[in-house]
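> Okay, predicted coordinates and the sequence, questions at the end:
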Amino acid sequence: MTIEAVLMFPILAWAFVATFAFFDAYQARSTNLKATFTVADMLSRQLDPVNADYINGLQKMFEFLANTNDQDAWLRVTSLVCTEDCDKDTRTLLRDWSYATGGHAGLTNEDVVKYDGQVPLMPVNDRVLMVETNMSYQPVFNVGIDEFEMIEVAVTRSRFVPQLCWEAC
């Protein structure tokens, strides 16, 4: 019985640590997703025009909500408008404005095409806000999970105004 215990204890210890590590990874992913949607919801309720200071403040809020110490975490907010063929796969999406934190670039009209599948169909000249977040995850223990980046995208409409403006409309 002692020999069986000596053989099984390392396996049981690894299983316990692996369970903790996998749970932590899923929890970090869930928290990141919820933080992204919370930031998007905050923007959707905004009545006044936003600026770089406001988006940088949202970045700090995201870091707090996501409970991250990642210095490379960043946030990008883009206002999109559909200009033609909005009910088809060949629609034309353009950006009104885009701003990213952490030294990253805002999206250009050429970049917006890559997100076409994540933006829902909408009426002509309707606008949506796309919030993209990025943060790295480092596993607590080395149990086969590599470090990876969590990228989340949330798309929402402004609730109380037809368009969320950048600095001034």
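Received the coordinates, thanks.

> how many other residues sit next to Met122?
Residues lying near Met122 (other Cβ atoms under 10 Å) number 18. Every C-beta, even on glycine, is put in place using the N, C-alpha and C of the backbone.

> ok, so what distance separates it from Asn67?
Met122 sits 33 Å away from Asn67, going by Cβ to Cβ, to the nearest Å.

> same deal with Leu164?
In terms of Cβ to Cβ, Leu164 sits 27 Å off from Asn67.

> So which of those two has more stuff around it?
Between Leu164 and Asn67, Leu164 has the larger neighbour count (other Cβ under 10 Å), namely 25 against 11.

> Surely that one is in contact with Leu129?
Yes: if you go by Cβ atoms under 8 Å, Leu164 and Leu129 touch, sitting 6.0 Å apart.

> Now do the shared contacts for those two.
43, 79, 158 (Cβ atoms under 8 Å, 6 or more residues apart in numbering).

> Now distance to Ala100 too, for those, in TSV please.
TSV is the format used below for these (distance: Cβ to Cβ, whole Å):
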residue	distance to Ala100
Leu43	14
Ser79	13
Ser158	20
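
> just checking, which of these belong to strands?
Secondary structure defined by DSSP state E assigns Ser79 of the shared contacts of Leu164 and Leu129 to strands.

> Export the shared contacts of Leu164 and Leu129 as a markdown table, with columns for pLDDT.
Formatted as a markdown table, the shared contacts of Leu164 and Leu129 follow (pLDDT from 0 to 100):
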| residue | pLDDT |
| --- | --- |
| Leu43 | 95 |
| Ser79 | 95 |
| Ser158 | 92 |
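
> Can you name the next helix or strand after the longest helix anywhere in the chain?
In terms of residue count, the longest helix belonging to the chain (DSSP state H) is helix 2-44. Next helix or strand after helix 2-44 toward the C-terminus (DSSP states H and E): helix 52-66.
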